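# Provided below are the primary sequence and the corresponding predicted coordinates.
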Number of protein chains: 2
Amino acid sequence: MEEGFAAYSAGKAVVPPVGHLGFKQPPGDIHIKYGYIEGNDYYVVKIASSFYDNPKQGLPSSNGSMLIFNQKTGELKAVLLDEGYLTDIRTALAGALAARYLAPKHVECIGVIGTGVQARFQVEYLKDIIGCRKLYVYGRSLANLEHYAADMQKFGYDVTTTTNAAEVAQNSNFIITTTPSTHPIINVSDVKPGTHITAMGSDAKGKQELDPLILQRADILVVDSLSQCKEYGETSHALEQDLINASKPIELGNLRTNDVRRVNDSQVTVADLTGVAVQDIEIAKIVYAAALEAQPET
Amino acid sequence: MEEGFAAYSAGKAVVPPVGHLGFKQPPGDIHIKYGYIEGNDYYVVKIASSFYDNPKQGLPSSNGSMLIFNQKTGELKAVLLDEGYLTDIRTALAGALAARYLAPKHVECIGVIGTGVQARFQVEYLKDIIGCRKLYVYGRSLANLEHYAADMQKFGYDVTTTTNAAEVAQNSNFIITTTPSTHPIINVSDVKPGTHITAMGSDAKGKQELDPLILQRADILVVDSLSQCKEYGETSHALEQDLINASKPIELGNLRTNDVRRVNDSQVTVADLTGVAVQDIEIAKIVYAAALEAQPET
């Protein structure tokens, strides 16, 4: 995944604009993300859908498949019927990658904003990077908070729940925000020195989870895609309000090359993740390679 | 297929701009066409590729698959691994549909420009619409002409071959042009009164098979998509040179509604077909319905 981001930031990934198809009755959206990394064996097309009335029928609202093609001949090699699962994983992996560079040396408590799928996956994929087993989680629904706490306790976490987001920031120095919120949930005044925040909920215009002053305050601001984060994501709000300079954000794929990392325990760092097709390419490659190994190509 | 075109022309089809991905080494292009007809059960995504060096490895340059999704839930219902075959058929079906409205009552000879896949499919799908079994075919390669003639003779056609395209026009009153030419192959002076021409080779910018004066001369000019034919196709060239008015072309999907058809045997008619996603939607639906009938959905 890190190599994929590096290839993207080095301009070696070809990732056209996302295709979109909208539905009114019932309401739905599909997004087609596709692209390739130069010199790779494959190109990947991901078709992801959200049909918002699905839960009424007991179906998940999100669905998705990835198609893997030979980059030299166009032949279809595999269809991954993952129903959106691989998108969840690749999103969590990007958070884990950001944590490798930006997490404080001593995480005293992991703060989690939201109680959904990414609130679980992000924590799960941090397990090997951050030793801390304390979670402070914010949600609006008590039932969801209870459910989340029960699930994470099974994974060995000590979980505190709250319906007051400020408490999460005041008690954590590593925070993950995972909601589809359209207004800031965390205020700059609640963020402690030495905190890292990974914000991955703002994946489309209109969404926002962080007070844009946090991005102004940040010593390091990492984004997955400069071009995307100018359009949406937390960074777009800070840029719009002239709180940061356009040269402040640095791409995740450039951290290693530019040797950027947290240098002390008072720095505030932010990773603003909007999701890029190169993540789909990488996860599809990994899964396909594993499938080939399990059952040799015929 | 006719209903699909009618839905498209009535504004009931949602067909976003075609997605494109280009490759340099080896050279290739993929196109993603997708959309749906309002009120239908499914939406369709077609991924078609052309890898121009494939024939060196004994592989066809074109390939493609169609994916069929539930329009109400986003669930993937089927992947049609047709390798481009269904695109060939739906293209030929559009030609056959145009022939139903525009073919002269007495076709004395069918002229064919080109010796490739569509030069065969278009003729095959005309069999039930046009009784004539005489073909006059133009090609640049004698070997390809000979191969084409042998194949079509098996289907009961009397075939004359030529490397002079003018001869085809001079001896036929129903002409199909099927090449990727970038300059006119048929001149207006060679077109006889009463001739119908279906031009389906110009499916991208820069391509052209007909002298644009033929479109000026035409009594009826039919296009599959007004918006596309303004961008490319034969019509775009005639419009650019101010040889026709933008109100002249009429969409294939409006022929029945507007009761447009050939009324006498001196009219010149042209069908300019560039290919629209609604054709993919229709052919995928037909094939999927047949597959379900053969093996009930589980």
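Okay, I see it. Numbers count the residues shown, from 1 in each chain, chains lettered A, B, ... in the order given.
# Please work out the average pLDDT along stretch A:102-120.
In this model, stretch A:102-120 carries a mean pLDDT of 97.
# can you check stretch A:201-209 too?
Across stretch A:201-209, the average pLDDT comes to 92.
# Ends of that stretch, what's the gap?
End-to-end distance of stretch A:201-209 (C-alpha to C-alpha, to the nearest Å): 7 Å.
# Which residues does that stretch contact?
Defining contact as C-beta atoms under 8 Å, 6 or more residues apart in numbering or on different chains, one finds that stretch A:201-209 is touched by A:113-114, A:118, A:177-186, A:199, A:231-234, A:237, A:272, A:274-275. Using the backbone N, CA and C atoms, a C-beta is placed for each residue, glycine as well.
# same check, this time on stretch A:75-84
Residues contacting stretch A:75-84 (C-beta under 8 Å, 6+ apart): A:42, A:48, A:60, A:62-70, A:86, A:284, A:287-288, A:291, B:47, B:59, B:63, B:65, B:76, B:79, B:81.
# The contacts of stretch A:201-209 in strands, which ones?
The strands, defined by DSSP state E, take in A:113, A:177, A:182-186, A:199, A:272 from those.
# Looking at the residues you listed, which is nearest chain B?
residue A:182 (23.3 Å; C-beta to the nearest C-beta).
# distance of that closest one from residue A:189?
21 Å (C-beta to C-beta, to the nearest Å).
# ok, then the element right after the strand or helix carrying residue A:124?
In the assignment (DSSP states H and E), residue A:124 maps to helix A:117-126. Once the chain leaves helix A:117-126, the next helix or strand it forms, by DSSP H and E, is strand A:134-138.
# So which elements touch the helix or strand following that next one?
Counting by DSSP H and E, the next helix or strand C-terminal to strand A:134-138 is helix A:142-154. In terms of contacts (3 or more C-beta pairs under 8 Å, 6 or more residues apart in numbering or on different chains; DSSP states H and E), helix A:142-154 is packed against helix A:117-126, strand A:134-138, strand A:158-162.
# Next secondary structure after the last one?
With elements assigned by DSSP H and E, the helix or strand that comes after strand A:158-162 is helix A:165-171.
# Relative to the whole chain's centre, how far out is stretch A:157-173?
With C-alpha atoms, centre = their mean, to the nearest Å as the basis, stretch A:157-173 stands 20 Å off its chain's centre.
# Check the helices and strands packed on helix A:142-154 for me and report the most buried one.
strand A:134-138 (a mean of 22; mean count of other C-beta atoms under 10 Å in any protein chain shown).
# Please write out the alpha-carbon positions of that strand in CSV.
Extracted in CSV, the C-alpha atoms of strand A:134-138 (Å, rounded to 0.1, in the frame of the first residue of the first chain):
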residue,chain,number,x,y,z
LYS,A,134,-7.6,2.1,25.6
LEU,A,135,-10.4,3.6,23.5
TYR,A,136,-12.4,6.7,24.1
VAL,A,137,-15.3,6.7,21.6
TYR,A,138,-17.9,9.3,20.7
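# Where does the prediction get shaky in chain A?
Within chain A, the stretches with pLDDT under 70 are A:296-298.
# show me where it has helices.
Here chain A has its helices, by DSSP state H, at A:2-9, A:85-102, A:117-126, A:142-154, A:165-171, A:212-217, A:226-231, A:234-240, A:277-294.
# Those: which one's closest to residue B:140?
Between residue B:140 and the helices of chain A, the tightest spacing by C-beta to C-beta is seen for helix A:277-294, at 40.7 Å.
# I'd like the helices of chain A as CSV, with distance to residue A:16 appended.
Putting those into CSV (distance: least, C-beta to C-beta, whole Å) gives the following:
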stretch, distance to residue A:16
helix A:2-9, 13
helix A:85-102, 18
helix A:117-126, 26
helix A:142-154, 37
helix A:165-171, 37
helix A:212-217, 28
helix A:226-231, 12
helix A:234-240, 21
helix A:277-294, 8
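# so which of the ones you listed gets nearest residue B:138?
That would be helix A:277-294 among the helices of chain A, by C-beta to C-beta, at 44.1 Å.
# Only the buried residues of that closest one, if you could.
A:277-288 (16 or more other C-beta atoms under 10 Å in any protein chain shown).
# between those, which is closest to residue B:250?
Closest approach between these and residue B:250, by C-beta to C-beta: residue A:277, at 39.9 Å.
# thinking that closest one is in contact with residue A:15, fair?
Yes. Residue A:277 lies in contact with residue A:15 (C-beta atoms under 8 Å); the separation is 4.5 Å.
# Tell me how far the residue nearest to residue A:132 when sequence neighbours are not counted lies from chain B.
Nearest residue to residue A:132, sequence neighbours excluded (C-beta to C-beta, 6 or more residues apart in numbering or on different chains): residue A:107, at 4.1 Å. Distance, residue A:107 to chain B, by C-beta to the nearest C-beta, to the nearest Å: 38 Å.
# Any idea how many residues pack against residue A:107?
Look at residue A:107: counted by other C-beta atoms under 10 Å in any protein chain shown, it has 22 neighbours.
# tally of neighbours for residue A:185?
Neighbour number of residue A:185 under other C-beta under 10 Å is 21.
# now it, nearest residue through space, not along the chain?
Nearest to residue A:185 is residue A:165, by C-beta to C-beta, 6+ apart, at 4.7 Å.
# rewinding a little: and the contacts of stretch A:201-209, which of them are buried?
Neighbour-count burial (16+ other C-beta under 10 Å) applied to the contacts of stretch A:201-209 gives A:113-114, A:118, A:177-179, A:181, A:184-186, A:199, A:232-234, A:237, A:272, A:274-275.
# Residues that sit against both of residue A:277 and residue A:15, list them.
In contact with both residue A:277 and residue A:15: A:33-35, using C-beta under 8 Å, 6+ apart.
# Tell me the most packed of those residues, by neighbour count.
When neighbours are counted by other C-beta under 10 Å, residue A:34 leads the shared contacts of residue A:277 and residue A:15 with 27 neighbours.
# Close to chain B: what parts of the stretch 1-150 of chain A are there?
With the criterion set to C-beta under 8 Å from any C-beta of the partner chain, the stretch 1-150 of chain A comes near chain B through A:14, A:16, A:19-23, A:26, A:28, A:30, A:32, A:34-36, A:43, A:45, A:47, A:49-51, A:54, A:57, A:59, A:63, A:65, A:67, A:69, A:71-76, A:79, A:81.
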